[in-house]
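Participant: Predicted structure and sequence below. I'll ask about it afterward.
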Protein chains: 2
Amino acid sequence: MSAARMQVLSSRNVRLLSRGRNEVFAGRSGAQRPGGDPRTRSLTCPPLSSSSSPGRALSSLSATRRGLPKEKMSENGIMSRAKVLTIDTMNPTVKKVEYAVRGPIVQRAVELERELSEGMKKPFAEVIKANIGDAHAMGQQPITFFRQVLALCSYPELLSDSTFPEDAKSRACRILQSCGGNSMGSYSASQGIDSVRQDVARYIERRDGGVACDPDNIYLTTGASDGIVTMLKLLVCGEGTTRTGVMIPIPQYPLYSAALAELGAVQINYFLNEEKCWSLDITELQRAVNEARQYCNPRALCIINPGNPTGQVQSRQCIEDVIRFAAKERLFLMADEVYQDNVYAEGCQFHSFKKVLFEMGPEYAETVELASFHSTSKCYMGECGFRGGYMEIINMDDEVKDQLTKLLSVRLCPPVPGQALMDLVVNPPQPGEPSYGSFIKETGQQPDMFYCMKMLEETGICLVPGSGFGQKDGTYHFRMTILPPTDKLKILLNKVKEFHQRFTQQYS
Amino acid sequence: MSAARMQVLSSRNVRLLSRGRNEVFAGRSGAQRPGGDPRTRSLTCPPLSSSSSPGRALSSLSATRRGLPKEKMSENGIMSRAKVLTIDTMNPTVKKVEYAVRGPIVQRAVELERELSEGMKKPFAEVIKANIGDAHAMGQQPITFFRQVLALCSYPELLSDSTFPEDAKSRACRILQSCGGNSMGSYSASQGIDSVRQDVARYIERRDGGVACDPDNIYLTTGASDGIVTMLKLLVCGEGTTRTGVMIPIPQYPLYSAALAELGAVQINYFLNEEKCWSLDITELQRAVNEARQYCNPRALCIINPGNPTGQVQSRQCIEDVIRFAAKERLFLMADEVYQDNVYAEGCQFHSFKKVLFEMGPEYAETVELASFHSTSKCYMGECGFRGGYMEIINMDDEVKDQLTKLLSVRLCPPVPGQALMDLVVNPPQPGEPSYGSFIKETGQQPDMFYCMKMLEETGICLVPGSGFGQKDGTYHFRMTILPPTDKLKILLNKVKEFHQRFTQQYS
């Protein structure tokens, strides 16, 4: 695989196929202004400016005063009304929320950008935001096919535009036919568009080697975060030592700690083993849950696989152990698998919790409660702004499932463009379709390039990929000169033959 | 105004300019399956099927049993593991949530649709869903200009397509330039894209006759619901008789009761006066808050204006009274103004709470805390599926504002396509721009048609609108025959003159 296209994360085990720089911890655009600007400040403080009419203020306030013990008379005799909502009177759980990905460092970075733009001298010329995985902001280009379909769905008049490929048009038609009034502007079902959920289910079945997936267990979400917060919301109850505890890895993605703080749940930390590439030890899970039982009621175990921020990819054995542990300790499993398509390192393979669970037999497959999460924001698509995602729930109690559907209905539906995008991610162009060639070209290294690079690395033989000469979409070639003398050519062709056999065996 | 384009709501005071049927309580597409399907059920119940291997299950479970007091041995000796998450062990506040707009009636409607499609006989041939305002699902067409810009933003290669109008291209470029990497796939700032918030602020200033609006007070949201829930979240605290109470109108839009139930806040009902077109009485507000103070801490007052579901439009006087009441009783004001563009009835006018507040002088303008909400889902746009919206906050405490920004950052950002759409709603084509004519044609009655209809109603003179003959975009004409004899023509021209003077005075 071409080094220029590769990114090594903090672990040896997972690498990101990135078409830009810093795909995973890339910066974001736009400026946050958490402190507000001076204009607002002058409006809010002091509560009554001296320019207000004392006569009017007083006459009105004299009536007002009766019911208002919290008002104060200021020095000039004008009533100063304390704010209803202050840091001391606001929701205390919101105050406990911390979100480092967009916290004080990011806020200072935004300030620094402004200061630089105003000509202030700094020891650097530019702020590079590597705080959040924002692929497009870092220069990764959107996938043409996805955006063509989204344009067609947005403005269906384009369906008669002959420059759009037929497979993009047929995808767009299928999506629009599932929308009320054939418009992305209609609400979808709260659980998500039926046909998209069907496509997600088929994608999961392919991914998991045929393990069945019921579209009724698929819930489309506003990014993965939305699904995770919703599931946590269902789980939280109790007070004091019976308060719900949720196990999360340390290091974690701070959405978890933020959501738990907001919900007032107990955060139970289990530490990943940095010495072993941030791997997960069952003994550490056991220590954490044993200690936690003294002060709360542990009810859920969150796993991030591949790890964020560690990049660690769990082995099949590890996942089995985690599932047994969850069953034994009666924990609801939450598997954050948004980086599932980001595994490229040799010897590493992504195993979904769902697949492993179902392969462990009915004792686990029919009992262990699991929610897994995916997103349109990561990997080659990197479409963060569309807020697309799904969750699959397994073995959830029927009544709880009804409650989940009801809860989701309050927010009406996830954004429909994000749902459409999720559909394209799980149902990309297939071999034989007109967009397949450009899709492969944009999403990954071309097979002929990969083949030639491997050949060079393993045999020292230098060929030229067919893509350098042009070839029919979906076909792959290489070009080899046969100038060497016959005896050398024999050796060479033998090496090519051996390599080809190994290669096709390994990758077919 | 043409009767064919009008819908009369349940109140006399507000009418909707609808291009389809039933704009406000229109049905939604897609089928919810809250009960799940039989396949799932067979997986979850019973926990261990008899087809599983007893030997394996037992051997594994014997180890498992030690830590599991809640397991039960079933009759055939196989361990039955109780679910972690059940209706009895789930978050009790979620159970209290009710959401009638998508409740049991809607679920039954979905079942009925399925039964009809399976050939079952019913006393009707079709289910017409009028439970939710889903304009496009009911046949309302999207605004061409909006969708052109969204297509351009989705697939910027279209910027070189000469069939797209220049104003659509310039809007798309402005939006894309505000996106990281010029892509809607990038995260935006948590508060929303800077340029969109600037456009919203300018829109509010125009709407409110020049009252200043600071873009820093604008937060883009995932539909109006998201903003409302976020604001309520900040306000909730305390226990028992100090628990936060929130005043909501009855009848209300059920998002309010659902959100309050989920947050565990106290719902304080104030009843609208059905005898007076569902108007709001200050005496009723006073009754409600006085009673509520005995069992909770009333901290916020929610107003829906124009009313949902009542359609009632509040007078300027009523809004002033409400603001004085909120100031006196120390209540945070929440003004749900998503139907602000749906007021067409004679003698009715929408007044924003922000404008009235600022016109009441610094005593109120500098102290009363207000959040107002708007959305892309209603009125002529009806783009529900994009989940676009904004809130404007006034006089919020600085520290609380920081907390709000932090809280919003956890969900990263609102969907960018919805932000783009919000931008177009507040910044539509202007006179002189190429799309202005088609925009006016699609969003409302054409001025020449309106003029001629008024002329007929008031004078009995029948003219023909210029649009029937074709005219340059942005210009309007009428056609009048001058066949009547001279004396009649004099009377006629005099009447036309008088009408024209009245008309231009009234509508300029």
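Facilitator: It's in.
Participant: Tell me the residues of the stretch 251-400 of chain A that contact chain B?
Facilitator: Counting by C-beta under 8 Å from any C-beta of the partner chain, the positions of the stretch 251-400 of chain A adjacent to chain B are A:255, A:258-259, A:262, A:299-300, A:324, A:327-332, A:361-363, A:365-367, A:369, A:381-387, A:395-400. (C-beta placed from N, C-alpha, C; glycine too.)
Participant: 7 Å instead?
Facilitator: A:255, A:258, A:299, A:327-332, A:361-363, A:366-367, A:369, A:382-387, A:395-400 (C-beta under 7 Å from any C-beta of the partner chain).
Participant: Equivalent analysis for the stretch 401-508 of chain A, please.
Facilitator: Going by C-beta under 7 Å from any C-beta, the residues of the stretch 401-508 of chain A near chain B are A:401-403, A:405-407, A:409-413, A:415-418.
Participant: burial of the spatially closest residue to residue A:466 that is not a sequence neighbour, as a residue count?
Facilitator: Closest residue to residue A:466 apart from its sequence neighbours, by C-beta to C-beta, 6 or more residues apart in numbering or on different chains: residue A:477 at 2.9 Å. If you count neighbours by other C-beta atoms under 10 Å in any protein chain shown, residue A:477 ends up with 17.
Participant: how close does residue A:477 get to residue A:359?
Facilitator: Counting by C-beta to C-beta, to the nearest Å, the gap between residue A:477 and residue A:359 amounts to 39 Å.
Participant: Narrow the residues of the stretch 401-508 of chain A next to chain B to those in helices?
Facilitator: A:401-403, A:405-407, A:409-410, A:416-418 (DSSP state H).
Participant: Do a quick rundown of the strands in the stretch 401-508 of chain A.
Facilitator: Secondary structure of the stretch 401-508 of chain A, counting by DSSP state E, counting those that start in this stretch: strands at A:464-465, A:478-479.
Participant: Please identify the deepest-packed of those.
Facilitator: strand A:464-465 (a mean of 18; mean count of other C-beta atoms under 10 Å in any protein chain shown).
Participant: That strand packs against which elements?
Facilitator: helix A:447-459, strand A:478-479 (3 or more C-beta pairs under 7 Å, 6 or more residues apart in numbering or on different chains; DSSP states H and E).
Participant: JSON lines please, covering those and showing mean pLDDT.
Facilitator: Formatted as JSON lines, the helices and strands packed on strand A:464-465 follow (pLDDT from 0 to 100):
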{"stretch": "helix A:447-459", "mean pLDDT": "73"}
{"stretch": "strand A:478-479", "mean pLDDT": "78"}
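Participant: nearest to residue A:206, of those?
Facilitator: For residue A:206, the closest of these is helix A:447-459, at 19.2 Å, according to C-beta to C-beta.
Participant: could you dump the closest one to PDB, C-alpha only?
Facilitator: Taking Å, rounded to 0.1, in the frame of the first residue of the first chain, the C-alpha atoms of helix A:447-459 are listed here in PDB:
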ATOM      1  CA  PRO A 447      -5.900  -2.800  -7.000                       C
ATOM      2  CA  ASP A 448      -3.300  -2.600  -9.800                       C
ATOM      3  CA  MET A 449      -1.300   0.000  -7.800                       C
ATOM      4  CA  PHE A 450      -1.500  -2.200  -4.700                       C
ATOM      5  CA  TYR A 451      -0.500  -5.300  -6.700                       C
ATOM      6  CA  CYS A 452       2.600  -3.600  -8.200                       C
ATOM      7  CA  MET A 453       3.700  -2.100  -4.900                       C
ATOM      8  CA  LYS A 454       3.500  -5.600  -3.200                       C
ATOM      9  CA  MET A 455       5.300  -7.100  -6.100                       C
ATOM     10  CA  LEU A 456       8.200  -4.600  -5.800                       C
ATOM     11  CA  GLU A 457       8.300  -5.000  -2.000                       C
ATOM     12  CA  GLU A 458       8.400  -8.800  -2.100                       C
ATOM     13  CA  THR A 459      10.300  -9.600  -5.300                       C
END
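Participant: how distant is that helix from the center of its chain?
Facilitator: Computed by C-alpha atoms, centre = their mean, to the nearest Å, the separation of helix A:447-459 from the middle of its chain amounts to 32 Å.
Participant: now stretch A:256-267
Facilitator: On C-alpha atoms, centre = their mean, the centre of stretch A:256-267 falls 19 Å from the chain's centre.
Participant: Can you give the contact residues for it?
Facilitator: Stretch A:256-267 has contacts (C-beta atoms under 7 Å, 6 or more residues apart in numbering or on different chains) with A:93-94, A:96-99, A:228-229, A:232-233, A:236, A:243-246, A:248, A:296, A:302, B:410.
Participant: for that stretch, what is the average pLDDT?
Facilitator: Stretch A:256-267 shows a mean pLDDT of 90.
Participant: in that stretch, what's buried?
Facilitator: By neighbour count on 16 or more other C-beta atoms under 10 Å in any protein chain shown, the buried set for stretch A:256-267 is A:256-263, A:265-267.
Participant: Could I get the full set of helices for the stretch 151-300 of chain A?
Facilitator: A:166-177, A:194-207, A:223-235, A:255-263, A:282-292 (DSSP state H, counting those that start in this stretch).
Participant: Comparing these, which yields the minimum mean pLDDT?
Facilitator: helix A:255-263 - the lowest mean pLDDT of the helices of the stretch 151-300 of chain A, at a mean of 89.
Participant: what's the angle from that one to helix A:223-235?
Facilitator: 40 degrees (axes from the mean of the first three to the mean of the last three C-alpha atoms, to 10 degrees).
Participant: list the contacts for residue A:209?
Facilitator: residue A:355.
Participant: How much space separates it from residue A:361?
Facilitator: Relative to residue A:361, and taking C-beta to C-beta, residue A:209 is found at 16 Å.
Participant: Equivalent analysis for residue A:388, please.
Facilitator: Taking C-beta to C-beta, one finds residue A:388 at 34 Å from residue A:361.
Participant: of the two, who's got more company?
Facilitator: residue A:388 (32 against 14).
Participant: hmm, back to that, my read is that the residue nearest to residue A:466 contacts residue A:452, right?
Facilitator: No: judged on C-beta atoms under 7 Å, residue A:477 makes no contact with residue A:452 at a distance of 10.2 Å.
Participant: What is the burial count for residue A:200?
Facilitator: For residue A:200, using other C-beta under 10 Å, the count is 27.
Participant: Could you list the low-pLDDT ranges of chain A?
Facilitator: By pLDDT under 70, the low-scoring segments of chain A are A:1-81, A:99-107, A:127-132, A:344-346, A:445-446, A:453, A:457, A:467-470, A:473, A:508.
Participant: And the helices in the stretch 351-500 of chain A?
Facilitator: A:353-359, A:362-365, A:398-410, A:416-426, A:436-443, A:447-459, A:486-507.
Participant: Highest mean neighbour count out of the ones you listed?
Facilitator: Taking mean count of other C-beta under 10 Å, helix A:416-426 is the most buried of these, at a mean of 29.
Participant: what's that helix packed up against?
Facilitator: helix A:144-154, helix A:166-177, helix A:194-207, strand A:218-222, strand A:388-394.
Participant: Which strands and helices lie in contact with the fourth one?
Facilitator: With contacts defined as 3+ C-beta pairs under 7 Å, 6+ apart, the packing partners of strand A:218-222 are helix A:194-207, strand A:388-394, helix A:416-426.
Participant: Next, the angle strand B:218-222 makes with it.
Facilitator: Using the same axes, to 10 degrees: strand A:218-222 against strand B:218-222 is 170 degrees.
Participant: Strand A:218-222: partners in the sheet, and parallel or antiparallel?
Facilitator: strand A:388-394 (antiparallel) (DSSP bridges).
Participant: How far does the strand it pairs with sit from its chain's centre?
Facilitator: 12 Å.
Participant: Not counting its own residues, what contacts it?
Facilitator: Taking C-beta under 7 Å, 6+ apart as the rule, strand A:388-394 contacts A:200, A:204, A:213, A:217-224, A:226-227, A:354, A:357, A:369-376, A:418-419, A:421-422.
Participant: In the stretch 151-300 of chain A, which residue sits nearest chain B?
Facilitator: residue A:180 (2.7 Å; C-beta to the nearest C-beta).
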